[in-house]
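**Q** Kindly generate the corresponding structure for this input.
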Amino acid sequence: MSCPFELCNIDSIGFNYNVLVFSETWLKTSILNSEILCSKYQIFRKDRVCKKGGGVLIAVDTKYTTNLIDLNDFLDIEFVGVSIFT
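**A** Model (predicted):
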């Protein structure tokens, strides 16, 4: 994998997380969600576009219903919000 944020084998380390939250992902828009985590997770992210580094990501197990929270009023801030329903 060519990205610095490599988690595709997270299930193989023996943990079963429902929600994963990361900062400083260093992802670019050219990196697909399928390259980051297995299909068990719904991925919500905001990548830094102008400079190197930065970025945030929330991954939620697909067994949960989710809604992305509209934060478009904050275009210059790297954050993402997700509602999770059980």
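**Q** Mean pLDDT per helix and strand in the protein: which one sits at the bottom?
**A** Lowest mean confidence among the helices and strands of the chain (mean pLDDT, DSSP states H and E): strand 19-23, at a mean of 90.
**Q** for that one, the distance to its chain's centre please.
**A** Here strand 19-23 shows a centroid-to-chain-centroid distance of 7 Å under the convention Cα atoms, centre = their mean, to the nearest Å.
**Q** which other helices and strands contact it?
**A** Strand 19-23 is packed against strand 56-61, with contacts defined by 3 or more Cβ pairs under 8 Å, 6 or more residues apart in numbering; DSSP states H and E. In this view, the C-beta of every residue, glycine as well, is placed from N, C-alpha and C.
**Q** let's see 10 Å
**A** Using 3 or more Cβ pairs under 10 Å, 6 or more residues apart in numbering; DSSP states H and E, the elements in contact with strand 19-23 are strand 41-46, strand 56-61, strand 81-85.
**Q** Just send those back as JSON lines, with mean pLDDT, mean neighbour count and distance to E35 too.
**A** Putting the helices and strands packed on strand 19-23 into JSON lines (pLDDT from 0 to 100; neighbours: other Cβ atoms under 10 Å; distance: least, Cβ to Cβ, whole Å) gives the following:
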{"stretch": "strand 41-46", "mean pLDDT": "93", "mean neighbour count": "19", "distance to E35": "10"}
{"stretch": "strand 56-61", "mean pLDDT": "93", "mean neighbour count": "20", "distance to E35": "12"}
{"stretch": "strand 81-85", "mean pLDDT": "95", "mean neighbour count": "12", "distance to E35": "20"}
